[in-house]
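Enquirer: Need a 3D model of the sequence below.
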Amino acid sequence: MKNGTAFFHCEASLKIGTGHVMRCLTLAEKLLENNWHCSFVTSKTSIDLIQRLQNFSYLDPEEFYRAPKKSDLMVFDNYQIEVNYEKHFRNFTKKILVIDDLANRNHYCDILVDQNLGTKIEDYKNLVRKDCKILTGTDYCILRKEFSQLRYEALEKRLKTREIKNILVNFGGSDLQNQTLKALEEIENSKFLGKINAVLGFDAKHLQTIENFSKTSKNNIIIHQQANMAELIYEADLAFAAGGTSTWERCCLGLPTFLVKIADNQDKIFKELGQKESFAEFYYKVSNNYQLYSGKIKEYADGSGTNRVTNIIYETLIL
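Expert: Now for the predicted structure:
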């Protein structure tokens, strides 16, 4: 379907992170390829945090609630939104899509997407209407096209990797707990010696601390704030990172990762993909059996999830 109109309701902040907005941006950019007109219903805080939002028109959530605009699709990706809020927009849009991770509240939607590993359709059966199309699991990971484009080349690179020379450290767009420093300290205490790309995100509260640490490190630490994540994941041999939505980006490119849970909504991911050993033990195991770890991780996300979701949007609107 071409030339549709969509509104995306999502928020980003230092407290809630940037994952909700980032996957909505990915979906919006995919719809743009079919000449859709996409707008965001979000706060000025989100706009200030994420520069890519400035490529779209945006509306204040309270104003939009009072005076909704007609659309073909409304997308809700916000833990604070539930069935009554969604139902308010029923007469103003042809279809409603909800992106969720929690399966803890009712929704009023035509399509529901939960890309978490281990989530089942049954988890939402009693939370949505009977005619709702429920899409669960990592087949529906909403990833930017640069990850699918790099996947084959990245997996070929992993097959040839014999030594871990480059580690990626990434704890999201805010990292209020300064997990980055903790990760760098653990890497410093391991046997690793090489290059570290540390991604500090949109609002680096602990930039000075990280810079001070890097000056005395035995490793070559490069700090990024506006990062090309696809390239950094491709270049890395190992990651030390949070178990959020970026997990699927690393899976798509076959990058073994030492996961840290930094929020309750990451429980499922950490349960399925996390590890019990220390980083030093994990580093040793991966170093000695790299292809095994990379081979496992690549199976969780093939990079085609965004296409699957948009194809179902088109099919649902035509039916």
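
Enquirer: Which pLDDT value goes with the residue nearest to residue 127 when sequence neighbours are not counted?
Expert: Nearest non-adjacent residue to residue 127, counting by C-beta to C-beta, 6 or more residues apart in numbering: residue 106, 5.0 Å away. (Glycine included, C-beta is placed from N, CA and C.) Predicted confidence (pLDDT) at residue 106: the value is 97.

Enquirer: Give the burial count for residue 106, as a bare number.
Expert: Neighbour count of residue 106, defined by other C-beta atoms under 10 Å: 15.

Enquirer: and it, helix, strand or coil?
Expert: coil (DSSP: H, G, I helix; E, B strand; the rest coil).

Enquirer: I'd say it and residue 128 touch.
Expert: Yes - using C-beta atoms under 8 Å, residue 106 is in contact with residue 128, at 7.3 Å.

Enquirer: Identify the residues contacting the most centrally placed residue in the chain.
Expert: Compute the mean C-alpha point of the chain, and by C-alpha atoms, centre = their mean the closest residue is residue 245, 2.8 Å away. By C-beta atoms under 8 Å, 6 or more residues apart in numbering, the residues touching residue 245 are 19, 22-23, 115.

Enquirer: so which helix or strand takes in it?
Expert: For residue 245, there is no host helix or strand (DSSP states H and E).

Enquirer: Tell me which residues are up against the helix or strand bottoming out on mean pLDDT in the chain.
Expert: Of all helical and strand segments in the chain, the minimum by mean pLDDT, DSSP states H and E falls on helix 267-273, at a mean of 77. With contacts defined as C-beta under 8 Å, 6+ apart, helix 267-273 is touched by 101, 116-119, 243-244, 247, 257, 259, 261, 297, 300.

Enquirer: List the buried residues for that helix?
Expert: Residues of helix 267-273 classed as buried by neighbour count (16 or more other C-beta atoms under 10 Å): 267-270, 273.

Enquirer: What is the nearest of the residues you listed to residue 318?
Expert: Of all the buried residues of helix 267-273, residue 268 has the smallest distance to residue 318: 32.8 Å, by C-beta to C-beta.

Enquirer: ok, the closest one to residue 138 distance?
Expert: Counting by C-beta to C-beta, to the nearest Å, the gap from residue 268 to residue 138 is 11 Å.

Enquirer: try residue 253
Expert: Following C-beta to C-beta, the distance that separates residue 253 from residue 138 is 14 Å.

Enquirer: and what of residue 179?
Expert: Applying C-beta to C-beta to residue 179 and residue 138 gives a distance of 24 Å.

Enquirer: where exactly do the strands run in the stretch 151-300 of the chain?
Expert: Taking DSSP state E, counting those that start in this stretch as the criterion, the stretch 151-300 of the chain carries its strands at 166-170, 195-199, 220-224, 238-242, 257-260.

Enquirer: Deepest-packed of the ones you listed, please.
Expert: Comparing the strands of the stretch 151-300 of the chain by mean neighbour count (mean count of other C-beta atoms under 10 Å), strand 238-242 ranks first with a mean of 27.

Enquirer: can you tell me which residues contact residue 65?
Expert: The contact partners of residue 65, by C-beta under 8 Å, 6+ apart, come to 85, 88.

Enquirer: Which secondary structure element is home to it?
Expert: Per DSSP H and E: helix 61-66 holds residue 65.

Enquirer: Show me what counts as buried in that helix.
Expert: Using 16+ other C-beta under 10 Å as the test for burial, helix 61-66 gives 61, 64.
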